[in-house]
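**Student:** just need the structure, nothing else, for what follows:
(chains A and B)
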Amino acid sequence: AQSVTQLGSHVSVSEGALVLLRCNYSSSVPPYLFWYVQYPNQGLQLLLKYTSAATLVKGINGFEAEFKKSETSFHLTKPSAHMSDAAEYFCAVSDPVGGTSYGKLTFGQGTILTVHP
Amino acid sequence: DTGVSQNPRHKITKRGQNVTFRCDPISEHNRLYWYRQTLGQGPEFLTYFQNEAQLEKSRLLSDRFSAERPKGSFSTLEIQRTEQGDSAMYLCASSLVSADTQYFGPGTRLTVL
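**Tutor:** As a prediction, the model looks like this:
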């Protein structure tokens, strides 16, 4: 069974500092990996995804993530935090269904990012 | 493309009552997913449809829960005899079969008193 672990339920950074949100996964087959962001009382918005192409993936709002198979990790980074980045971030994994299309998402527990001025 | 919509956005009910939520996916998206998110947790998969067929149900989906997608367009999720433990955000997402990205709606927050 696939699973996702996000290390650190809360991360606090200063504005302009590096953001690093950690995600490790387990999957029996090459997975698809996703990072979503959730603002209060809203649904989830896709930040970026890894789908077996380039291992370094760039997303919206200056975020990027690197897929490292040897470490089973997909950590999310941003060089310089902005106040508007404050939100909850979820890492998710999807396994192929029947060897073809990808289906349900399995999410981590989430990491709340706080940005201090 | 108007995005995924969910109604109602909020629902407060008394224990033992039945509730029904609706999800309208992005038009032409043939897959529709339901997830449940409790406070401080990530979303958990409940069930999904491909067109009108319900292809998978989680063990989280007890007999009190039923979902339908009668014409392969909108979907409803009904909870019978609600319990306080059903209080959560219910999220709907849609995608194309050929695509890997799920697009989420704003969710319906259920509070069971």
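
**Student:** helices of chain B, start to end?
**Tutor:** Listed in chain order, the helices found in chain B under DSSP state H amount to none.

**Student:** give me the most central residue, it.
**Tutor:** The centre of chain B sits closest to residue B:34, judged by C-alpha atoms, centre = their mean, with a distance of 3.5 Å.

**Student:** do chain A as well
**Tutor:** In chain A, the C-alpha nearest the mean C-alpha coordinate belongs to residue A:35, at 3.0 Å (C-alpha atoms, centre = their mean).

**Student:** for it, which non-adjacent residue is closest in space?
**Tutor:** Spatial nearest neighbour of residue A:35, excluding adjacent residues (C-beta to C-beta, 6 or more residues apart in numbering or on different chains): residue A:47 at 4.4 Å. C-beta: built from backbone N, CA, C; applies to glycine.

**Student:** likewise for residue B:61?
**Tutor:** Beyond its immediate neighbours in the sequence, the residue positioned closest to residue B:61 (C-beta to C-beta, 6+ apart) is residue B:46, lying 5.2 Å away.

**Student:** and the pLDDT at the one you found?
**Tutor:** pLDDT for residue B:46: 95.

**Student:** ok, the residue nearest to residue B:75 when sequence neighbours are not counted - contacts?
**Tutor:** Counting by C-beta to C-beta, 6+ apart, residue B:75 lies nearest to residue B:69, which is 4.2 Å off, once chain neighbours are set aside. Each residue near residue B:69 by C-beta atoms under 8 Å, 6 or more residues apart in numbering or on different chains is listed here: B:32, B:49, B:51, B:52, B:54, B:75, B:76.

**Student:** what about the fifth one, how many residues close to it?
**Tutor:** The burial metric for residue B:54, expressed as a neighbour count using other C-beta atoms under 10 Å in any protein chain shown, is 15.

**Student:** same question for the second one.
**Tutor:** Residue B:49 has 21 neighbours, counted by other C-beta under 10 Å.
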